[in-house]
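Student: Let's see this in three dimensions:
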Amino acid sequence: MLATGLLAGTVIGAGMFSLPYVFSRVGVTGGLFYLLAFSLVYFAVHLMYARVVETRPDGHQFSFFARAYLPRWASLPVSFGIFAELLLVLVAYLVLAPTFGVVAAGGADIHTITLIAFWLTGSLFMFARLTWQGIAEILGAVVILGIVATVFLFGASAPLTTPAFTPLNFGLFFLPFGPLLFSLAGRPAVTEVVEEHRRAGKSFSLTKAIAWGTFIPAAVYAIFALSVLRLNPAVTPEALNSLGGILPPSLLALLGVLGLIVLWTSYFIIGENVRDMLHLDWKMPRWFSSAVVVAVPPLLYLAGLRNFLGVISFTGGVFLAVEGVAVIAMWRRAFPGHRWGWVVWPLAAVFTAAFVYELITVFR
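Tutor: Numbering: from 1, shown residues only. Next comes the predicted model:
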């Protein structure tokens, strides 16, 4: 349960709140199809990375394995790309947290206070023990189930007017790629899952833990997206602030608080991963690694990175796509004769398509 909670709690985060909007653009059936397909993609990627991590006993982070299994010319750019990706994920949480703070306060302008409080508590918990972090992740998973159950109960009696499919064009076909890659990515927690597997004496199935940790979030996402669309088909990318005037104010405020908790449980796990990457893999001083992960995300936010959907689409379509291809390549080099080796090609095609589309979108 702890291993599954670590992964599921990291996967379930800010990206979830973009999915009702994505479903509204591509249709309900289309959205469910994309969600299932990308869940299978990430189950494979999470399991591949876990097997790579198992090859070394020392708890190293991503950049170490990139140097060990990727060509020299690729390892350093990929490592820097993953570092930038994780920082942008933290920025996305900082972008969304004040919106939920305002919802929790019934519309009161506590944007700045929420931002500072969220950043401070999330940064402090990066230095907590793994056991406490695992408990917090399980708490986060319980909280998100509470959010989904609440929205589901209020939306169950409302008709679902969003069409099953919408006419697709080039932009709509690839629109879900970035948000779904962002929403389902949990690779930073996989190292912790493997460590828990070792600590437990391998008394549980690592494959099953990763399967549960990947597919539970997908099921939660489906219920949440459909429930929000029942309540308000004209949903915004932030989801919860679209429910004002539909849900009772006290309930909406509670959902805002619960949303902040969900973001917080992902923020500190990813932040710890960035810090460990700098300290363990790049041999930076501990104080410097801690300072970077604490200070850089709010500085990027203050520099103007405040468009939620834009940040998660770019992060998912560019940096997470690069990460996915890198994990596939590392697994292939670590296990060259594996009987499932053929799956690297369709998986790589998905990430490559997301990467190309996002660059076209940015530069057109």
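
Student: Point out the other helices and strands that the helix or strand residue 24 falls within packs with.
Tutor: In this assignment (DSSP states H and E), residue 24 forms part of helix 19-26. Counting contacts by 3 or more C-beta pairs under 8 Å, 6 or more residues apart in numbering; DSSP states H and E, helix 19-26 packs against helix 28-54, helix 177-184, helix 206-231. Every C-beta, even on glycine, is put in place using the N, C-alpha and C of the backbone.

Student: Past the last one, which element shows up next along the chain?
Tutor: Pointing back at helix 206-231 there. Following helix 206-231 toward the C-terminus (DSSP H and E): helix 249-276.

Student: What residues of that next one count as buried?
Tutor: Judged by neighbour count (16 or more other C-beta atoms under 10 Å), helix 249-276 contains these buried residues: 252-256, 258-276.

Student: Quick check: what element follows it along the chain?
Tutor: Counting by DSSP H and E, the element after helix 249-276 in chain order, helix or strand, is helix 286-302.

Student: Only alpha carbons, please: show that following helix as CSV.
Tutor: Output of helix 286-302 as CSV, limited to C-alpha atoms (Å, rounded to 0.1, in the frame of the first residue of the first chain):
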residue,chain,number,x,y,z
ARG,A,286,23.6,19.6,-0.3
TRP,A,287,22.9,23.2,0.6
PHE,A,288,23.1,24.3,-3.0
SER,A,289,20.8,21.5,-4.1
SER,A,290,18.3,22.4,-1.5
ALA,A,291,18.5,26.1,-2.3
VAL,A,292,17.8,25.5,-6.0
VAL,A,293,14.7,23.4,-5.5
VAL,A,294,13.3,25.8,-2.9
ALA,A,295,14.0,29.1,-4.8
VAL,A,296,13.9,28.4,-8.5
PRO,A,297,10.2,27.5,-8.9
PRO,A,298,8.8,30.7,-7.3
LEU,A,299,11.3,32.7,-9.3
LEU,A,300,10.1,31.2,-12.6
TYR,A,301,6.5,31.9,-11.4
LEU,A,302,7.4,35.5,-10.7
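
Student: What residues sit buried inside that helix?
Tutor: Quick answer for helix 286-302 (16+ other C-beta under 10 Å): 289-290, 292-294, 297-298, 300-301.

Student: do the same with stretch 227-240
Tutor: 227-233, 235-240.

Student: For that stretch, give me every contacting residue.
Tutor: The contact list for stretch 227-240 (C-beta atoms under 8 Å, 6 or more residues apart in numbering) reads 16-21, 23-24, 28, 96, 99-100, 103, 148, 151-152, 154-156, 158-162, 224, 242-243, 246-247, 252, 255-256, 259, 308-309.
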